[in-house]
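Trainee: this one's sequence-less:
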Ligand code: HEC
């Protein structure tokens, strides 16, 4: 007849020490792995040099500090916009798969307020910073300073906040007073 053999209970101390031994062994394995990883060349990508770090992490402040030198025109921005931005933001900046960049009306106090660059953003410099850092999403950080000023000039001109003929550079961008500039409680100057 088949009989289940009763298992002998394993004393707690044996389990405990086995556990300690196991974790010590795995710790050794982890540190050995870390040592060899440190000595291996990075398998992908390449180290960023100083100029690239600046390109990817520009520190542009609301008052314009950190803006690179350059010059742009709304007309040039219009072409760049159609080529690189319209597919997501709409041909006229009216929005598509991504936010509208041109337009926006109505009071911000409304429950369904339309928070756009024109109605909501307190600083024009944020536009440069946003585009420089993150747009277009497939190739962020690749637009030249002139292209960025042209795109800002175009978007601001279409929003009625800049002239089509006016060249835009760092000083001009920083001097723009956005319609909702005073709509925020400022914690820092
Ligand atoms: C592949 C689609 C795509 C393309 C192309 C693209 N964007 Fe965007 N953009 C987005 C998305 C998605 C967001 C929202 C990102 C988020 O909220 O984190 C965005 C956000 C923005 C914003 C912030 C809008 C807001 O109200 O917060 C600006 C400004 C902007 N894009 C400008 C541009 C410009 C200028 C270009 C062309 C150089 C461009 N984008 C190209 C998808 C795109």
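Mentor: Arrived safely, thanks for sending. From a predicted model like this one, the values you see are computed outputs, not experimental measurements.

Trainee: the chain: strands as residue ranges?
Mentor: Counting by DSSP state E, the chain has no strands at all.

Trainee: centre-most residue in it?
Mentor: Centroid-nearest residue in the chain, with CA atoms, centre = their mean: residue 134, separated by 4.6 Å.

Trainee: who are the contact partners of it?
Mentor: Counting by CB atoms under 8 Å, 6 or more residues apart in numbering, residue 134 touches residue 140. Using the backbone N, CA and C atoms, a C-beta is placed for each residue, glycine as well.

Trainee: distance of it relative to the ligand?
Mentor: Distance from residue 134 to the ligand, counting by CB to the nearest ligand atom, to the nearest Å: 7 Å.

Trainee: again with residue 109
Mentor: 19 Å.

Trainee: can you count the residues close to that residue?
Mentor: 7 (other CB atoms under 10 Å).

Trainee: swap in residue 47?
Mentor: Residue 47, neighbours per other CB under 10 Å, totals 6.

Trainee: repeat for residue 183
Mentor: Neighbour tally, residue 183, other CB under 10 Å: 13.

Trainee: need the pLDDT of it.
Mentor: Among the per-residue scores, residue 183 holds a pLDDT of 91.

Trainee: that one reaches residue 108, doesn't it?
Mentor: Yes - judged on CB atoms under 8 Å, residue 183 makes contact with residue 108 at a distance of 6.6 Å.

Trainee: so for those two, which residues contact both of them?
Mentor: Contacts common to residue 183 and residue 108, judged by CB under 8 Å, 6+ apart, are residue 120.
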